Every structure is written in C-alpha cells, then in structure tokens.
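Visitor: mind folding the following:
(chains A and B)
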Amino acid sequence: MPIQVRIPTPLRKLTGENEVVEAEGATVSEIFKSLETTYPGLGERILDEQGAVRRFVNVYLNEDDIRFLNELATPVKEGDEISIVPAIAGG
Amino acid sequence: MNEDRPFFSNLKCRECGRLYPKEAIHICEFDFGPLEAAYDYDAIRSSISRERIASRPQTMWRYREFLPIDGSPTVGAQVGFTPLVKADRLAAALGVKELYIKNDTVNYPTLSFKDRVVSVALSRARELGFKVVACASTGNLANSVAANAAAAGLRSYVLIPADLEQSKVLGSLVYGTNVIGIHGPYDQVNRLCSEIAGKYGWGFVNVNLRPYYAEGSKTMGFEIAEQLGWKLPRHTVVPMASGSLLTKIHKAYKEFIHTGIIEDQPFTIHGAQASGCSPISEAMKKQVEIVKPVPKPETIVKSLAIGTPADGYYAIRTMKDTGGSAEDVSDAEVIEGIRLLAEYAGIFAETAGGVTVASARKLIESGKIPRDESIVLCITGHGLKTAEAVQGKCGEPRLIKPSLREFEALVADEVAAAAN
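Guide: Numbers count the residues shown, from 1 in each chain, chains lettered A, B, ... in the order given. Below you'll find the predicted structure:
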C-alpha cells in the first residue's frame, strides 16, 4: 500500500533529489521505517535517538499536523500524503 | 563605516554549531535547527563605540556592524530609531515607578516593527541577486514587504490568511504587490510557504532568508539600550507570535554587553500572548520546553495568532535564562490594554500592543515585575491597522447641530465638574 511522502529540500540529497517518494506502511511510524530502508540515513534526520520526531521537524498527514492526530502511531491509508516540513519558518 | 571588514562571518546552526555559507538557506541539513547569523565580535569590538554609533544618522542602520549584510543597506535606509517614551501617567495607572514605551507604532514606512526585519531581509535579498521576494504573514510583514519591495523595485508576493483585518489587506494591495489569501490559519500559510520556498527562486523573507530577516529585530533592543542612556531596562515585555522578536531583543542586549558597548548588568525578558493562541505562554507556565501547537487560534489578535511558533522553544529558554515569565490575556483584556495605552500615554497600538500592556499589568499585579524596577514595553504596530478590534468599544461621538445653545447644554455639567 504505497503512500506518497513529500521530502523537503535539505533531505533530497538522500532521495536522489526526488521531491516525492513512495513508502509502505500502515502508520506514520512504519512509513518512516520503510523510508529508512529505501533511503538509508533518512530516518535519523527525521527522528531523534529516542525515536521521536525531531524538535524542528513538522510532519503532516494530508492537511493535518500529526501532533493533532495520533503522532507517529497515526494510521495511514492508500491515497494519503505525508509531508515532512522544516519547523523553522515564519513569524 | 568600514565596508571591507567582514563583521558578519557565517551562518551557524543554533543546535549543532555547524557553519554554513551566507546564502539563502535557513535550516541545518543535519538536525533541521535554525541557522543564525554569526559575527566576528572581536572585529566589531575594535571597530565600534558609543560615540561612533551616536555620530550616525538616527536609523536602525547605526548598528550595522551587528546586521547580516555585506555592503551598505539598499532597502529601508530610513527605518527605525523610533521613540522611547517615558510614560509617567501610564506608570502611575499601573502602579509602577519607571515605565517606557518603545513605540514602533511609528516605525517607517509601514507603522510596525516589521520594517526592521524587512529592510535587512530585502537588502540581503538584493546582495544575493533575488528579483522576486515573498513572505508568509499575519499582516504587518506583508505590508512591510509590499512597501519596501515597491520602493526598491523588486517584485513581491505576500501570502496571508484570507480573514485578516481589512486595513492590513489594503495596506499590502496599495503597493501593487501580489496578495494571495489562503483559506486557513497562519500556520497553514506558513507550511505552504515552506514547501514552495526555493521552488521558484524567490527570496522568502521569513523562510529561506529568515536568518537575515530575524536579525533585524535586534535593532529594537539596541535602540532601547541607547535611548535609556546606554543601559538596559531591568524588565522588558515583548509580544510573542513566533517568539523571534523576544529572542532577538535578548541577543541584542547580550551583544551590546559582549562587545563592551554597555556594562554587564542584570535584565529580565518577559513574553506576552493572547489567550486564544498562547502555546508559548502555556508551556512556560507549565514549566515544560515542549510547545504544544494550537490547531485553531481564536483571538482578535491576529498578528500574534501563530499556533506553531518557530522560535517557541528558544523564547522559553530566553525567558527562563533571564528569570522572566510569560503571561496571556483575553480579548477583553487586550481591548483594555489598548485603551490604557491610548488614554494614559497617547499611543494607539494594534491588538498586539494591547496584549503587551495587559500582560505587563498582570505581571506587575502578580509581583513578577517588581513595582520599583524599570520596565520597557515593546509596542510593535499601529492601532489603525486593527481598527475593527476596537470599533464600538471606545464610545461614540456625541452629535449636535452647529448651535451654541446645544453645545453649552451638552458640556455644562462636565465644565462645572472640571471647575470644582
């Protein structure tokens, strides 16, 4: 069940400059594990040593920040889009 | 001015300290931490003095050694050096001894502190060769980008929440900019801008140019110190949206101490938010460093309605490190704050100013700001920009015919009362 994941500019070196990649999984957490397998090194950029989303990374499932959903355990389904967006912007 | 000496050396990740070139980038590739301008403080120390600063024109650029551009400013050369007003009547009303208003309601050209950040961002944008500039904004920044870009001959796009105050929308449109209204709160505007920054080769002042932009806020702090006679207020109260201004006022105070412009001295920085969107204040009150985002801000204070504040974490650290507190106030208290400032200091501030005054009042009443210590309130934007917020809340004019009899009847009681 492939899910589309939007990759921010600073991480595209790890995805062969691809802006959108596909990953498999039933939750956001599983998607990130799948990404790490396909693109080694990507996982540790998004998650810290404890496995939590890094302080300066925002993750969205479609329109919603996953912090307003069920964080990394948020379920995903076919057709969903995950966006990884740097948190430092605006204001 | 010494144009050749590279006072501004690098961009540097605030988290891991990795150095980056001075380009249109804003986050660390390794940990997504914010990149911040780094300076050669030894070079600055040996080049600058109070006398040197004081001899320069009264604009924010008199502190240019501390600002991240290479040459002379080409945008916003007249910005800043707004009045620091000793507000004795307001001090009496709040029951404190020494109170000042840093009055950026009269900042040039668009009547908010955002002209400070934009003059730096657009001067740098030109140095980096951008022809189109853009921003995500709750209103004031859009006005400033539109005006300063127009004056500089840069094309601009401003992205704003679709439901902003009319004056703030008009205050961008008039400059011939491209105004894009987004259906959704500011945080979604911001997310969109993060996703499109770089894609079109535009300089987004608060995305890919953010390290330059943010430094402009320091000038508010430098001016406060200079205008107080080269010393710091014991307490500074700052409104918080992303939290950036608060952290940069702190940086300004520290830089002036570090470079010997002012003596080392204790100071405390407090933050103010509207209760309908107070993620930083909430975290501060709960004594945690994790800022819980606010999904749907609900407040009349639209300029501070950022539910996912980029610098929230650093704002909390700054307040903690300086012994400060955060406070938040209801919409009704915001209006009281606006009226207090207007009636006791003669300054008409936008809703964010009401937040600052009303929060300061709470901090004073709770003893977090002692009544006998000096206080500066940072007032960041003009009241006419958010006129709707106070429309009908300040009474109505009394209407009469052009008749002496009607006038005398109208004022007879109050004239008699004033005479007694």
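Visitor: which ones are touching the residue in chain A positioned nearest to chain B?
Guide: As assessed by C-beta to the nearest C-beta, chain B sits closest to A:Gly91 within chain A, at 2.1 Å. C-betas here are computed from N, CA, C, even on glycine. With contacts taken as C-beta atoms under 8 Å, 6 or more residues apart in numbering or on different chains, A:Gly91 has the following neighbours: B:Asn206, B:Ala241, B:Ser242, B:Gly243, B:Ser244, B:Ile306, B:Pro309, B:Ala310, B:Asp311.
Visitor: settle this for me: the first one is touching B:Ala136, isn't it.
Guide: So the one you mean is B:Asn206. Yes - in this structure, B:Asn206 is within contact of B:Ala136 by C-beta atoms under 8 Å, at 6.1 Å.
Visitor: now the common contact residues for the two.
Guide: Common contact partners of B:Asn206 and B:Ala136 (C-beta under 8 Å, 6+ apart): A:Ala89, A:Gly90, B:Cys193.
Visitor: any idea how far B:Ile364 is from B:Glu98?
Guide: B:Glu98 is 12 Å from B:Ile364, where distance means C-beta to C-beta, to the nearest Å.
Visitor: got the CA positions of the lengthiest helix in chain A in CSV?
Guide: Longest helix in chain A, counting residues (DSSP state H): helix A:28-38. What follows is helix A:28-38, C-alpha atoms only, in CSV (Å, rounded to 0.1, in the frame of the first residue of the first chain):
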residue,chain,number,x,y,z
VAL,A,28,3.4,7.1,10.0
SER,A,29,6.0,5.3,12.1
GLU,A,30,6.0,2.3,9.7
ILE,A,31,6.3,4.7,6.7
PHE,A,32,9.4,6.2,8.2
LYS,A,33,10.9,2.8,8.8
SER,A,34,10.2,1.9,5.2
LEU,A,35,11.9,5.2,4.1
GLU,A,36,15.0,4.4,6.1
THR,A,37,15.2,1.0,4.4
THR,A,38,15.0,2.5,0.9
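Visitor: what does the stretch 151-300 of chain B have sitting close to chain A?
Guide: Applying C-beta under 8 Å from any C-beta of the partner chain, we find that the stretch 151-300 of chain B lies next to chain A at B:186-191, B:193-195, B:197-198, B:206-207, B:210, B:241-244, B:292-293, B:295.
Visitor: roughly how far apart are A:Glu63 and A:Glu81?
Guide: The value you get for A:Glu63 to A:Glu81, if C-beta to C-beta is used, is 10 Å.
Visitor: and for B:Val205?
Guide: 28 Å.
Visitor: neighbour count winner among the two?
Guide: Just comparing B:Val205 and A:Glu81: by other C-beta atoms under 10 Å in any protein chain shown the higher neighbour count belongs to B:Val205, 34 against 14.
Visitor: how about the nearest residue to the more buried one, chain neighbours excluded?
Guide: Once flanking residues are discounted, B:Val205 sits nearest to B:Ala121: 3.9 Å by C-beta to C-beta, 6 or more residues apart in numbering or on different chains.
Visitor: SS state for the one you found?
Guide: Classification of B:Ala121 by DSSP: H, G, I helix; E, B strand; the rest coil places it in helix.
Visitor: what does B:Cys193 give?
Guide: B:Cys193 - assigned by three-state DSSP - is helix.
Visitor: contacting residues around it?
Guide: A:Ala89, A:Gly90, B:Ala134, B:Cys135, B:Ala136, B:Leu159, B:Phe204, B:Asn206, B:Val207.
Visitor: run the last query once more with 7 Å
Guide: A:Ala89, B:Ala136, B:Leu159, B:Phe204, B:Val207 (C-beta atoms under 7 Å, 6 or more residues apart in numbering or on different chains).
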